[in-house]
Structure formats: C-alpha cells, structure tokens
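**Student:** Need a 3D model of the following:
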Amino acid sequence: MANNRFSSSDAQIKKGILETCVLFMISEKPTYGYDVMKTIKQYFPEVNESTIYAILRRLYTDNCADITLSNDSGGPQRKYYHITDKGILSLENNVVSWKRINDVLTQMGLHEYKQKNLLDRRCDFAKL
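**Tutor:** Down below sits the predicted model:
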C-alpha cells in the first residue's frame, strides 16, 4: 500500500502543492474557510488547520483571494474566499510549473519508478 503522506523534509514542495490546491478550490466557487480546511485534510491529513488558514490569509494579503462575508448559516458571519484575477494567474502559473516538473520526471523515466528495481540495482553495484 502506497504511503501518500509527505515527510517533514518536503515542506517547500508541500507548501506549493497546498497553495495550488487552495487556489483551485476557491476558483471553483466561493468557499468557506472551514470547508477548505476539511477538504485539504482529506488529502493531507498531517497538515495542521492553522497551516490552511495561514495560506488563506496569505492569498488574501497577496490579492490572490478576496473575502465575502455572509450570514447564510443563521449564525455569525462567515468568510467565503473566492479567487481574484491575480489568483487565477497564480493558479495557472502553478499548474504550468507542475506540468513541466511532471514532464521532466516522465522523460527521465521516473514514472516507471519501482523501489524494488532501484534496490536490485544498488545490490548489483555492490557486486562490482
């Protein structure tokens, strides 16, 4: 069974992935911050709630997201995040970057990566 968790050494990669995921979510429809956090936690269970909210705040501060306040829940006002034009450009740039990375890894043959094969090769090198 594959382990979908990221190690702590993958912090910068994960940061870019999380930001891209959040931008994508809020590009689909205005989304309540708690709903963003719940969805992200389904795919990245090791991510703290505070990390998601920090990304949302940063996207807002960087003008990549905007906030609409709504009382539709019958309780206190909720902040709904939606993407801005700058956010759309950022999302598009992130997707292009990830596609380039994937293309390079595919060209290098990493899509055929099998841990056993690498371990077998390491054993063969030890025999030399």
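
**Student:** now for the helix or strand that contains Thr106, which elements pack on it?
**Tutor:** Assessed by DSSP states H and E, Thr106 sits inside helix 85-107. Secondary-structure packing of helix 85-107 (3 or more CB pairs under 8 Å, 6 or more residues apart in numbering; DSSP states H and E): helix 11-28. Just so you know, the C-beta spots here come from the backbone N, C-alpha and C atoms, and that holds for glycine as well.

**Student:** what element comes up after the helix it packs on heading to the C-terminus?
**Tutor:** Next along the chain after helix 11-28, taking DSSP H and E as the criterion, comes strand 31-32.

**Student:** May I have the helix holding Thr106 as PDB, with CA atoms only?
**Tutor:** Extracted in PDB, the C-alpha atoms of helix 85-107 (Å, rounded to 0.1, in the frame of the first residue of the first chain):
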ATOM      1  CA  ASP A  85      -7.700  37.800 -11.300                       C
ATOM      2  CA  LYS A  86      -4.300  37.700  -9.800                       C
ATOM      3  CA  GLY A  87      -5.100  34.400  -8.100                       C
ATOM      4  CA  ILE A  88      -6.200  32.900 -11.400                       C
ATOM      5  CA  LEU A  89      -2.800  33.900 -12.900                       C
ATOM      6  CA  SER A  90      -1.000  32.400  -9.900                       C
ATOM      7  CA  LEU A  91      -3.000  29.200 -10.200                       C
ATOM      8  CA  GLU A  92      -2.300  28.900 -13.900                       C
ATOM      9  CA  ASN A  93       1.400  29.500 -13.300                       C
ATOM     10  CA  ASN A  94       1.500  26.900 -10.600                       C
ATOM     11  CA  VAL A  95      -0.200  24.300 -12.800                       C
ATOM     12  CA  VAL A  96       2.200  25.000 -15.700                       C
ATOM     13  CA  SER A  97       5.100  24.600 -13.300                       C
ATOM     14  CA  TRP A  98       3.800  21.300 -12.000                       C
ATOM     15  CA  LYS A  99       3.200  20.100 -15.500                       C
ATOM     16  CA  ARG A 100       6.700  20.900 -16.500                       C
ATOM     17  CA  ILE A 101       8.100  19.100 -13.500                       C
ATOM     18  CA  ASN A 102       5.900  16.100 -14.300                       C
ATOM     19  CA  ASP A 103       7.100  16.100 -17.900                       C
ATOM     20  CA  VAL A 104      10.700  16.200 -16.900                       C
ATOM     21  CA  LEU A 105      10.200  13.300 -14.500                       C
ATOM     22  CA  THR A 106       8.300  11.300 -17.100                       C
ATOM     23  CA  GLN A 107      11.100  12.000 -19.700                       C
END
